[in-house]
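K.L.:
Dropping a prediction and its sequence here:
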Amino acid sequence: MTKAEHYDVIRKPVITEKATMASENGAVVFEVAIDANKPQIRDAVESLFGVKVKAVNTTITKGKTKRFRGRLGTRKDVKKAYVTLEDGNTIDVTTGL
């Protein structure tokens with residue numbers, strides 16, 4: 001895969017209270033493409049950030065139904081990847097990609 005394809009797999013880092021608690025245990029949370037699988041996510045993180053990945057856990061959050069100007073609409077589904085890094089590896093997501 002090329003570097004551009006890796007950026008298609010990994011959309012952006014997730015910075016929430018839960019993601020911050022996960023980072024204390026050596027995990028980093030990314031929003032990823034909905035069709036990305038775990039080996040693709042592992043390869044993308046290892047090549048873009050130069051770290052060793054121990055495990056990848058994924059979760060899909062279904063989009064909420066909301067009202068937009070009085071009409072019902074649905075937000076997009078979001079896939080998040082909890083990437084656990086090997087000991088001694090770190091990624092600082094606050095500086096940006």
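P.N.:
Yes, it's here.

K.L.:
host element of the residue nearest the centre of the chain?
P.N.:
Centroid-nearest residue in the chain: Phe30, 1.6 Å away (criterion: C-alpha atoms, centre = their mean). Take DSSP states H and E as the rule and Phe30 turns out to sit in strand 27-32.

K.L.:
Pull the residues that contact that strand.
P.N.:
Contacting residues not belonging to strand 27-32 are listed as 9-14, 16, 18-19, 22-23, 41, 45, 58, 78-85, 91, 93 [C-beta atoms under 8 Å, 6 or more residues apart in numbering]. Backbone N, C-alpha and C define where each C-beta goes, glycine included.

K.L.:
So what are the sheet partners of that strand and their directions?
P.N.:
Strand 27-32 has the following strand partners under DSSP bridges: strand 10-13 (antiparallel), strand 78-85 (antiparallel).

K.L.:
quick one, which of those is nearest to Ala36?
P.N.:
Among the strands paired with strand 27-32, the nearest to Ala36 by C-beta to C-beta is strand 78-85 (6.9 Å).
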